[in-house]
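> Need a 3D model of the following:
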Amino acid sequence: MPSKQKTGMFTSAFLTCACSFVMICVVLATQHWMSSRIRFSGTDSNATVSLTYGLFSGTCQQSFEAGLQVTEENFQVAEHLSSTTAKSTNTAIIVMLVLSLLSSLLSSGFTCTNAVSNPYQTFLGPTGVYTWNALCGEYLI
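Residues are numbered from 1 along each chain as shown. The predicted structure is shown next:
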């Protein structure tokens, strides 16, 4: 049976990794990363366009001062990215989120096992436990 200090350390590391895993899942599932409201004023009428972007999809809604409202249009973000830099940035964000999701899942599995077992299970030697916890904490930031 591991000591209380080591059990507490691995338990807190497991909770940190589990929180990281949940946060990354929420980030991947969130549909409203950015929103903006653009107001157009003219001599005859005023209009407002509301844009909301997520990682994969977005919405566009137009409304006019007279109370008219155009229905909300959904669109895919990847289809509307025109520059190669924007597409590669979006792809890099998705890849990093998936890698961090896998890293935090692996790290939480090792720390949960090590909180209750003796001897400790490691990946890549004794420093592997600390390496995975550091990577998990890095992605959390």
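> Going by C-alpha atoms from here, please, whenever you check contacts or count neighbours.
Fine.
> need the strands for the protein, in chain order.
For the chain, the strands defined by DSSP state E cover 34-41, 46-53, 57-64, 73-76.
> possible to save those as JSON lines with mean pLDDT, mean neighbour count and distance to T7?
Formatted as JSON lines, the strands of the chain follow (pLDDT from 0 to 100; neighbours: other CA atoms under 10 Å; distance: least, CA to CA, whole Å):
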{"stretch": "strand 34-41", "mean pLDDT": "86", "mean neighbour count": "12", "distance to T7": "41"}
{"stretch": "strand 46-53", "mean pLDDT": "85", "mean neighbour count": "16", "distance to T7": "43"}
{"stretch": "strand 57-64", "mean pLDDT": "84", "mean neighbour count": "17", "distance to T7": "43"}
{"stretch": "strand 73-76", "mean pLDDT": "83", "mean neighbour count": "13", "distance to T7": "46"}
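> and those as TSV, adding distance to V26?
Output for the strands of the chain, formatted as TSV (distance: least, CA to CA, whole Å):
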stretch	distance to V26
strand 34-41	15
strand 46-53	15
strand 57-64	15
strand 73-76	19
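> Which one, of those strands, ends up nearest to L106?
With CA to CA, the closest approach to L106 among the strands of the chain belongs to strand 57-64: 29.0 Å.
> Correct me if wrong: S35 contacts Y53.
Yes. S35 is within contact range of Y53, at 6.2 Å (criterion: CA atoms under 8 Å).
> Alright, I will stop here.
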